[in-house]
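Novice: Pasting the sequence and the predicted model now:
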Amino acid sequence: MAKVIKSFSLDLETVRLLEDYCVDDWDGKPSRSKLVNDAIRWYITGDVAELVENNEKLQKRFASVMIARDSPTPKRSWWRQILGF
C-alpha cells in the first residue's frame, strides 16, 4: 500500500496524548502514524448509530443499578427478627 505524508495541525493536548501513548514500535505500542491512521479510519467508517445505541443501553443499565443500590432494603421489626419471622 502506498503511503502519503500530509501534515495537520493538532492541539498541544492531543500531541501530549499521542506522545504518552505511543512510544517506540519495538515496545509493542503502535506508532503514532498507525494510531492516527486507525483512528481516522474507525471514526469515518464507524457505525455511529451502533455507538449511540450502545451508549443509551449503558446509561439505562447504570441508572437501574444506581436506583437499586440506593433503594433501602425493608427492615423487619425487632420482634420479628428475634422470633425469626
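Specialist: Done, it's in. A quick note: this is a predicted structure, and the numbers were derived from the prediction, not measured.

Novice: Give me the distance from stretch 32-43 to the chain's centre.
Specialist: Relative to the centre of its chain, stretch 32-43 is centred 17 Å away, using C-alpha atoms, centre = their mean, to the nearest Å.

Novice: what do you get for stretch 59-68?
Specialist: 17 Å.

Novice: what comes up buried for that stretch?
Specialist: Within stretch 59-68, no residue counts as buried by 16 or more other C-beta atoms under 10 Å. (Glycine included, C-beta is placed from N, CA and C.)

Novice: Kindly report the same for stretch 51-58.
Specialist: Judged by neighbour count (16+ other C-beta under 10 Å), stretch 51-58 contains no buried residues.

Novice: Around Asn32, how many other residues sit close by?
Specialist: To be clear, residue 32 is Arg; Asn isn't right here. 15 (other C-beta atoms under 10 Å).

Novice: now do the one 3 residues further on
Specialist: The number of residues packed near Leu35 is 15, by other C-beta under 10 Å.

Novice: elements contacting the helix or strand containing it?
Specialist: Under the criterion of DSSP states H and E, Leu35 resides in helix 32-45. With contacts defined as 3 or more C-beta pairs under 8 Å, 6 or more residues apart in numbering; DSSP states H and E, helix 32-45 has these neighbours: helix 12-21.

Novice: What angle do helix 32-45 and the helix it packs on make with each other?
Specialist: Calculated by axes from the mean of the first three to the mean of the last three C-alpha atoms, to 10 degrees, helix 12-21 forms an angle of 120 degrees with helix 32-45.
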